[in-house]
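Undergrad: My questions concern the predicted model and sequence given below.
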Amino acid sequence: MRKTGSSFSKPSGGERGARLLLHLGPGLRQAIDPGEIYFVEAVGDDTRVRTHTSRAIRDVRPLGEIAQVLRPRGFVRAHRNYLVNPAHVREVRRRAGGEDWELRLEPPVNLVLPVSRSALRALWEAFGEE
C-alpha cells in the first residue's frame, strides 16, 4: 500500500505490491502478493511458485508467461529455470572452484539457486550495481 496524504491508496495492477492472480487450473485463480514470492521455478510444462512456506504453489502457465507479469514488479530471471525476487536474496556468490555464480535465498527458504552468466548483469542491476 502507498501512503498518499493521510489516507492509503491501493497500487494499480502494474505497480510493485499490487496483488496478482496465479492460475491453478481451468477456472481457478489464487490472489497473491508478489512480495510473498521468493522464487518461481519451471518444472516441465508447469511452474512452481515458492513462498515462505514449504509447499510450492503450482501455476499451469509456463515460466516465460509468468515472467512477463513479475518483471515489472522487480523479479529477475536468474537462470532459464528460475525467476527470483531480489528482495529475498540473502547473498550472491561464486560457485566453488569456478567462474559461475549462485544465489542464496533468505530463511526460511534458504535454497541455493544457480545464476546463469547471461542473467548476471540483470541481477546486478536489480541491486543497483553495474
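TA: Yep, that arrived.
Undergrad: among the helices and strands of the chain, which has the poorest mean pLDDT?
TA: strand 7-9 (a mean of 34; mean pLDDT, DSSP states H and E).
Undergrad: partners of the helix or strand just after that strand in the sheet?
TA: Per DSSP states H and E, strand 7-9 leads on to strand 20-25 as the next helix or strand towards the C-terminus. As defined by DSSP bridges, the strand partners of strand 20-25 come to strand 28-32 (antiparallel).
Undergrad: chain center to the strand it pairs with, what's the gap?
TA: 16 Å (CA atoms, centre = their mean, to the nearest Å).
Undergrad: Any buried residues in it, and which?
TA: residue 32 (16 or more other CB atoms under 10 Å). Bear in mind the C-beta positions are built from the backbone N, C-alpha and C, glycine included.
Undergrad: Repeat that for stretch 40-58.
TA: 40-42, 47-51, 57.
Undergrad: which secondary structure element contains residue 123?
TA: Residue 123 belongs to helix 120-126, assigned by DSSP H and E.
Undergrad: got the buried residues for that helix?
TA: By neighbour count with 16+ other CB under 10 Å, helix 120-126 contains the buried residues 123, 126.
Undergrad: in the protein, which spans are helices?
TA: Secondary structure of the chain (DSSP state H): helices at 63-70, 120-126.
Undergrad: As TSV, the ones you listed with distance to residue 109 and mean pLDDT would be great.
TA: TSV is the format used below for the helices of the chain (distance: least, CB to CB, whole Å; pLDDT from 0 to 100):
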stretch	distance to residue 109	mean pLDDT
helix 63-70	17	94
helix 120-126	17	93
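Undergrad: So for residue 87, which of those helices sits nearest?
TA: Using CB to CB as the measure, helix 120-126 is the one of those that comes nearest residue 87, at 9.4 Å.
Undergrad: Send over that closest one as PDB, restricted to the C-alpha atoms.
TA: Once non-C-alpha atoms are left out, helix 120-126 reads as follows in PDB (Å, rounded to 0.1, in the frame of the first residue of the first chain):
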ATOM      1  CA  LEU A 120      24.200 -12.000 -14.100                       C
ATOM      2  CA  ARG A 121      24.000  -8.400 -15.400                       C
ATOM      3  CA  ALA A 122      20.200  -8.200 -14.800                       C
ATOM      4  CA  LEU A 123      20.800  -9.500 -11.200                       C
ATOM      5  CA  TRP A 124      23.400  -6.800 -10.500                       C
ATOM      6  CA  GLU A 125      21.100  -4.100 -11.900                       C
ATOM      7  CA  ALA A 126      18.300  -5.300  -9.600                       C
END
